[in-house]
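Engineer: I'll drop the sequence and a predicted model, then ask my questions.
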Amino acid sequence: GPIRSADILDGEVYDARREKPGWDQPGFEDSDWKPVQVEEDFQGKLVAQRNEPIRVVEELKPIAITEPAPGVYIFDLGQNMVGWCRARIGGEAGRAIRLRHGEALKADGTLYRDNLRMPSDGGPLGARQEDLYICRGEGTEWFEPHFTYHGFRYVEVTGLAERPNLDSLVGRVFCSSAPETATFECSEPMLNRLMKNILWTQRGNLMSVPTDCPQRDERLGWMGDAGIFSPAACFNMDMAAFFTKWLQDVRDSQAADGRFPDFAPHPFGPNERFSGVPAWGDAGVIVPWVVYRWYGDRRLIETHFQAAARWVDRIAEKNPDRIWRNSRGNDYGDWLNGDTLIREGWPRAGAAIPKEIFATLLFANSATLVAKMAAVIGKEREAEKYSELARTIRAAFVREFVDSEGRIQGDTQAGYALALSFGMLPVELEAKAFTHMVEAIEEYNHHLSTGIISTLHLMNELANRGQVELAYRLLTQRTFPSWGYAIEQGATTIWERWDGYVEGRGFQDPGMNSFNHYALGAVGEFIHRNLLGINPDTDHPGFAHARIHPRPGGGLTWARGAYDSIRGPIRVSWRINDAGGFRLEVELPANTSGTVYFPAREAAQVSESGKSLREAEGILASRVEGEVTAVEVGSGAYAFEVSHAPR
């Protein structure tokens, strides 16, 4: 047949001269066909697909064509995407047309492919990302590969008989076709682009498993990345079926002693080097809890509880003093923290949270979540057991790593962020630790030094503890390292590392330099929850009750968006008007309720549809909580006004 070779990493070779017209019609001469080989020793379990199929979901037309060398044409699709191309080709029989794919261009305008890790560049395996089409010589021909996919924005085409045009090729975008469930827009164009980048990155890495990247010779379901990104993922798309399926892969890959793998599926078996790592293994606890909060399905907790408990039990067994010192596998720590960045003038030490501290924080969080899971499914004894374990871990953590002034060993942004987020500190030390975290941010000139695991926690803690302006300063920062810096370098997806490309230096080490990696896109959750203001309520999973708490600041003047929950769409729109007032419109679906928070110290400052809260319909109760007023509402549409602009 015409498909001479096909590989998910390398691409496809298609010789159109060998096509067999009519092969799928009655009467075709198939006497030379041979039966398939039957595998008698297959030990797997064949099951129906549990999640949405991978489908082509969009087509992209090129926005430009360049010719960096004679006969070498580079199509720019305007967006880093995942899929393949459909090309219009013509030429005599035997003419070979080659399509090579890459995410970026070099300074001379040629295709950047160093990050594909080919053996010729010193890589272990490589992903060629090339498709070759051999013409049959019958006028206009169309080529679209069948058994491969690529991560790319740019396509280099060689071997053409004539100069191409913008209609010669389209990009075919494909992914696991989970429905998109969120919209977002605000007064800051850079943040709108960031949210688009996050969604494009998520879609490009949903390939029945949540892959880390779509281009190089890896494309694995790395669990640490999935764990921190899972809340943003659940906002952006309906991930219930996808994660339910993938968590089965996680359980299938769990070692007999309770170790979760670093990535799932896990073809290497329960091998110590690729299992048992803090944050990566902990995703086997974090993700099912996130899915439960978003969708309210207790069945997943019931199915997954024993696996999660075995993970925590193993850590406890190996670390009787409740500090996670032993058996940490490959021990990645807070991956890609500030100490890994390379740029003139950027400090190369002091950002990385000590790994024992990092591990112990994750240990405590997993014990806490397992206790909560046990409570959800009525396992009271187990809930008490793991709650007590979490308490002893917290006590050990404070004794070992925290001084009387709330300073945590290492004095890192990450250490304070995770400790505060996971409730590790006595109440009397929380404010002091938070002050130290803010000081650690100031020491980096108001930039992040956190890695992929702690960044989201730091952003959320700033917002939760009254430093909204600082959080938005980090979010909208355009100087290195920041989300805005990558966007100003042309990013249309989330980069693997803050310094994937740096002006004046160029590209990072190609051994690990993906431009389509969702971990740093976890900040999408922060934007949905704090800037737009839509929050789940753990006591009422599946958005039976929502907390609507937008936090204006950072010079932003409006935001609007929606989340299509399993109970229906939740819509929020807020604006600071010309007169200095604050208007908030909220819509909650039928058979739900919500708590709406306003930047007002007195309930009398808040009105709904021109009426006081006492007179307005649908208002169940109101109360003042420090700097904000909280209003309890039932389902329906509301238009609130606050008589002054938020400070």
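Structural biologist: Received, thanks.

Engineer: Low-confidence ranges, the stretch 501-647 of the chain, go.
Structural biologist: The stretch 501-647 of the chain contains residues with pLDDT under 70 at 645-647.

Engineer: whoops, I mixed them up, the chain
Structural biologist: Along the chain, the model assigns pLDDT under 70 to residues 121-124, 269-273, 645-647.

Engineer: Let me see the ranges of the helices in it.
Structural biologist: Taking DSSP state H as the criterion, the chain contains helices spanning 189-204, 223-236, 240-253, 283-295, 298-318, 355-376, 380-401, 413-421, 427-443, 455-464, 468-476, 483-488, 523-526.

Engineer: For residue 589, which of the ones you listed is the nearest?
Structural biologist: Closest to residue 589 of those is helix 283-295 (CB to CB; 14.6 Å). Just so you know, the C-beta spots here come from the backbone N, C-alpha and C atoms, and that holds for glycine as well.

Engineer: Tell me what angle that closest one forms with helix 240-253.
Structural biologist: 160 degrees (axes from the mean of the first three to the mean of the last three CA atoms, to 10 degrees).

Engineer: Who are the packing partners of helix 283-295?
Structural biologist: Judged by 3 or more CB pairs under 8 Å, 6 or more residues apart in numbering; DSSP states H and E, the packing partners of helix 283-295 are helix 223-236, helix 240-253, helix 298-318, helix 355-376.

Engineer: quick check: angle from it to helix 298-318?
Structural biologist: Put simply, helix 283-295 runs at 150 degrees to helix 298-318, going by the same axes, to 10 degrees.

Engineer: what number of residues lie near residue 576?
Structural biologist: Under the neighbour criterion other CB atoms under 10 Å, residue 576 is assigned a count of 18.

Engineer: Please name the bridge partners of it.
Structural biologist: Partner residues in beta bridges with residue 576, using DSSP bridges, are residue 582.

Engineer: you'd agree it is up against residue 558?
Structural biologist: Yes - between residue 576 and residue 558 a contact is recorded at 7.0 Å, counting by CB atoms under 8 Å.

Engineer: any shared contact partners between those two?
Structural biologist: Counting by CB atoms under 8 Å, 6 or more residues apart in numbering, no residue touches both residue 576 and residue 558.

Engineer: Looking at the helices of the chain, which is nearest to residue 546?
Structural biologist: Ranking those by proximity to residue 546 (CB to CB) places helix 283-295 first, at 11.4 Å.

Engineer: In PDB, could you pull the C-alpha coordinates for the closest one?
Structural biologist: Extracted C-alpha coordinates of helix 283-295, given in PDB (Å, rounded to 0.1, in the frame of the first residue of the first chain):
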ATOM      1  CA  ALA A 283      -1.000  14.100  41.700                       C
ATOM      2  CA  GLY A 284      -2.500  10.600  42.200                       C
ATOM      3  CA  VAL A 285      -4.200  12.200  45.200                       C
ATOM      4  CA  ILE A 286      -4.700  15.800  43.900                       C
ATOM      5  CA  VAL A 287      -6.300  15.100  40.600                       C
ATOM      6  CA  PRO A 288      -9.200  12.900  41.800                       C
ATOM      7  CA  TRP A 289      -9.900  15.500  44.500                       C
ATOM      8  CA  VAL A 290     -10.000  18.300  41.900                       C
ATOM      9  CA  VAL A 291     -12.300  16.300  39.700                       C
ATOM     10  CA  TYR A 292     -14.600  15.600  42.700                       C
ATOM     11  CA  ARG A 293     -14.800  19.300  43.500                       C
ATOM     12  CA  TRP A 294     -15.600  20.300  39.900                       C
ATOM     13  CA  TYR A 295     -18.100  17.600  39.100                       C
END
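
Engineer: most tightly surrounded among the helices and strands packed on helix 283-295?
Structural biologist: Of all the helices and strands packed on helix 283-295, helix 223-236 carries the top mean neighbour count, a mean of 27, counting by mean count of other CB atoms under 10 Å.

Engineer: Just name whatever secondary elements that one is in contact with.
Structural biologist: Here helix 223-236 is seen to pack against helix 189-204, helix 240-253, helix 283-295, helix 523-526 when contacts are counted using 3+ CB pairs under 8 Å, 6+ apart.

Engineer: between the first one and helix 223-236, how many degrees?
Structural biologist: Pointing back at helix 189-204 there. If you take the same axes, to 10 degrees, helix 189-204 sits at 110 degrees to helix 223-236.

Engineer: again, but for the second one
Structural biologist: Using the same axes, to 10 degrees, the interaxial angle of helix 240-253 with respect to helix 223-236 works out to 160 degrees.

Engineer: Do I have it right that residue 449 meets residue 351?
Structural biologist: Yes - in terms of CB under 8 Å, residue 449 counts as a neighbour of residue 351; the distance is 3.6 Å.

Engineer: and those two? which has more neighbours close in?
Structural biologist: Between residue 449 and residue 351, residue 449 has the larger neighbour count (other CB under 10 Å), namely 27 against 24.
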